[in-house]
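> This is the structure alone, sequence omitted:
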């Protein structure tokens, strides 16, 4: 039995409604639960979720005739067991279940017999009921030995739930020992129906108020994407509950004046909150109307689902958690009479076949059935039969017999792997154990992870120690390389180049000049010029002088350049004459390297003694801020030294290598692109800006200079691949760039589609996916060539040498594998902080709670991520791109990626903006592939076929191009106000087109009793319900002379979409829908079993 309902008022009301005498069982009306089961049978014919089974091992000398008589007596007592299955009105059938008897040839007690028993149970329990042949209850007996049998009861959920079968087993035992009363069971199922109908109105008001604004979907991280149609398959995993733990939990419940279900619910809620990140939880509570005293022994489908609303704030303590769970259970029990089906009708949640309505998680705490049932000369030992079905994503079931608890997790294997459930089970037990300690702390800090898992996440996956030249400097490493290869080319270019000797001498001359005019240790020096030999000279000179390089791209908008000059307050700006006219007004002294070089050249070419070391500032890079104003990041030489040492070690240069220098100055990767090859004796080719705009010109330049390594963003890689596509032939990019073997991707997420396309076009080449930020430089890496077929994301991989990566929740606790959290980065790659913003630096760069080294810090990236089981990290977008609309948590990048898959869309971005009514809504901005305008009105219905309704944007704004930040990312702050007009106002009425549409419309019109039905009308918006859909299905099947799955009508709710789906399939041979065919396959197994019985012709002795 489920958690008991202690509501005396309900009991008294129920008792008043019960008749005092029964001369004859009335024909029962259907309950809302039966109505829904009837609909589900049409939608999922023969599915295991619509059946129940229970068994008992019978020990002792059994008389099969006595058992058949006992079954007959029990069957006669309960009106619901004689119900027919079909459209109302119901009829009662007198046909009784005939006991079938089987034997096994395997030796009694052998392992072979045990396996044969399992097969026998699976075949009989797995066979759908023949709904056209009552009764809907079957009884099977298997003879194991003279004094040992197995009894199996199988029923359709239309007449029984699991507890009802347990009650039937008890009554069969009572009949065998002569204690079963004669006559019908009182109250009858018809009495229950009348009682249930009498109290629904007031309860509905309560539940409406209770659930207003509740989240419709509680999403847990899954191993696979949610299928469009829920398969309702189920698997279970036992949860071991040691006796000492249960004793501690009982003591905890007593101290907090709770019953034990409240404690188990609290731990379950804490688990779901930690896994989902949601603080407003909606959890289903499996209940039973047998908790009402008059119906405690009533046989029938009395299961119900109540809804627990648990708002748990991020800082709620364990006391509060326990209290709220107790209150939620008490509230649900006090208002338990409302059928769940009526709640669905009232709340009208989003219609989708992908998940259960209202609650996707279920808490099921029930009283266990008796372990033994004395039955005269024999004893029945009941056992449960698992049919492998589940209606919810995840359920916790606890069976309590008063002394012992048996628990298990039931899950959807289409969403979760068993290994994932094993982790979840371990985490739930950890939460129970810590909760039992009753330490009264924030619930969010209850121990979720075990010790070994904690060590793996925090220590083992961050064991990245490696050597790097922490006692040197960038300038010193360059000088060592210049001594090693003085005459080797350092810079290659279209018009000019420099050897190492020339570059060393010129940079030393400029460094001396800088020292003379006041540049010292960590002095900020601005550099504003194009990629050129002078840029290399400037950067090296600043480093040799001990200063800090501040790149200021002259191609940036004047307002942004002005902000960078103002915030950095550089006293000196290195540039060239050509850029003087484009620079905004500023107060810095200007040194033009072309104009002023004669004076600079008079300086000595000897190397100055640089005061800078690994801990000195190297450069200040400006990155976009949330306010739109760039913020300066203070990068130390240590960051770059560590990054370069890792690259040289893991992906070493070889003789003949040539690198491309093409990244914008203010992009974080520009400095390692500039210095990485230079400090290791590899020449760099300067790529002019105009070459980056012409893929053919760029490839020609790369081929001419025999480039072997290049850094680029995914959009440039896509452009290069697109430019070299040839119809019916391999991509030509590999042939044009035979030497370019290492491609480093960064700056934006790399899609699996692009990674796989690269692998096809350039087999054998390295595609290295790098993840980093200005504040944390490059932090993680992944070889995209290792992408697996099942991968839907390209991982960002593992942390680099001397870098730590942590994925933490809102309380900065490590999250388990698979759970989404925020990525924090620490170690040698971390910046010093923000220029002139100590408060922001303190907020973002925080002490590392996982390391013992003094001063160790971690940086809060604002990026969402999760660990895979093998330690690889998946990047899941920005936390500030995740929005919540109407209670649904939405990752806007997910919606954008689907929109980008539209054949006419070149690029798109989704943001959350207020709509015309001031309510938050999704707004789509897109760029069409062709100049001709793409009708925005076609996008919304296209997305509706691919996304849940809550993820479909409400506005669509066409742009010539998406605004970009200087680093090449979409500038969301610069997007215009959304076009909140309806995408394409539909005509008030569009008449049905072809014969199929006309037939559908006519049937809808008749069933729904509406004046007219148009081609674009939606069945549910016209007032259609699940039950009416079944009637439409019946008429449409008759009209078209073909089987149409009810689910197909659910998937295509408009006349037009349904007609198209039917017409698309009309050329196929008429086949049964998969669910029907699966049911028939099981029916074949059933007939084979019956044939085997007839052949064996053996029955147990009486």
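Thanks, I have it. For clarity, every value in this text was computed on a predicted model and none was experimentally measured.

> Verify the contact between residue 647 and residue 672 for me.
Yes: between residue 647 and residue 672 there is a contact under CB atoms under 8 Å: 7.4 Å. All C-beta atoms are positioned from the backbone trio N, CA, C, and that covers glycine.

> Grab the nearest non-local neighbour of the residue nearest the centre of the chain.
Using CA atoms, centre = their mean, the residue of the chain that lies closest to the mean C-alpha position is residue 221, 4.1 Å off. Counting by CB to CB, 6 or more residues apart in numbering, residue 221 lies nearest to residue 818, which is 4.8 Å off, once chain neighbours are set aside.

> Could you report the neighbour count for the one you found?
By the criterion of other CB atoms under 10 Å, residue 818 has 21 neighbours.

> Report the separation between it and residue 420.
Residue 818 sits 6 Å away from residue 420, going by CB to CB, to the nearest Å.

> list the residues that contact both of those two?
When contacts are counted by CB atoms under 8 Å, 6 or more residues apart in numbering, the set common to residue 818 and residue 420 consists of residue 223.

> which one is residue 93 nearest to, not counting chain neighbours?
Closest residue to residue 93 in three dimensions, ignoring its sequence neighbours and counting by CB to CB, 6+ apart: residue 134, at 3.8 Å.

> no, scratch that, I was asking about residue 108
Spatially, and ignoring its direct neighbours in sequence, residue 108 is nearest to residue 145 (4.5 Å; CB to CB, 6+ apart).

> Local confidence estimate at that neighbour?
Residue-level confidence at residue 145 comes out at 92, pLDDT.

> count of neighbours near the residue nearest to residue 93?
Residue neighbour count, defined by other CB under 10 Å, stands at 21 for residue 134.

> got it, and the one 10 residues further on?
Counted by other CB under 10 Å, the residues lying close to residue 144 total 21.

> go on, residue 700?
Using other CB under 10 Å as the criterion, residue 700 is surrounded by 14 other residues.

> Against which helices or strands is the helix or strand harbouring it packed?
Secondary-structure assignment from DSSP states H and E places residue 700 in helix 695-704. Helix 695-704 sits against helix 714-723, helix 733-736, with contacts defined as 3 or more CB pairs under 8 Å, 6 or more residues apart in numbering; DSSP states H and E.

> and residue 718, what does it touch?
Residue 718 neighbours (CB under 8 Å, 6+ apart): residue 754.

> quick one: contacts of the one helix or strand residue 839 maps to?
Element membership of residue 839 [criterion: DSSP H and E] is helix 838-844. Outside of helix 838-844, the residues within contact range by CB under 8 Å, 6+ apart are 631, 775, 832, 833, 834, 859, 860.

> Tell me which of the residues you listed has the lowest pLDDT.
Here the lowest pLDDT out of the contacts of helix 838-844 sits on residue 631, with 87.

> where's that residue relative to residue 392, distance?
From residue 631 to residue 392 the distance is 46 Å (CB to CB).

> Just want the phi and psi numbers for the residue lying farthest from the centre of the chain.
Relative to the centre of the chain, and counting by CA atoms, centre = their mean, the farthest-placed residue is residue 602 at 64.5 Å. Listed backbone geometry of residue 602 is phi -80, psi -10, with angles given as degrees, to the nearest 10.

> OK, contacts around residue 864?
By CB under 8 Å, 6+ apart, the contact set of residue 864 is 820, 821, 822, 823, 875, 876, 877, 878, 879, 882, 891.

> hang on, residue 942 packs against residue 902?
Yes: applying CB under 8 Å, one finds residue 942 in contact with residue 902, separated by 6.3 Å.

> Can you get me the start-to-end distance on stretch 580-596?
Start-to-end span of stretch 580-596 (CA to CA, to the nearest Å) is 13 Å.

> Then stretch 670-688?
The straight-line separation of the ends of stretch 670-688 (CA to CA) is 14 Å.
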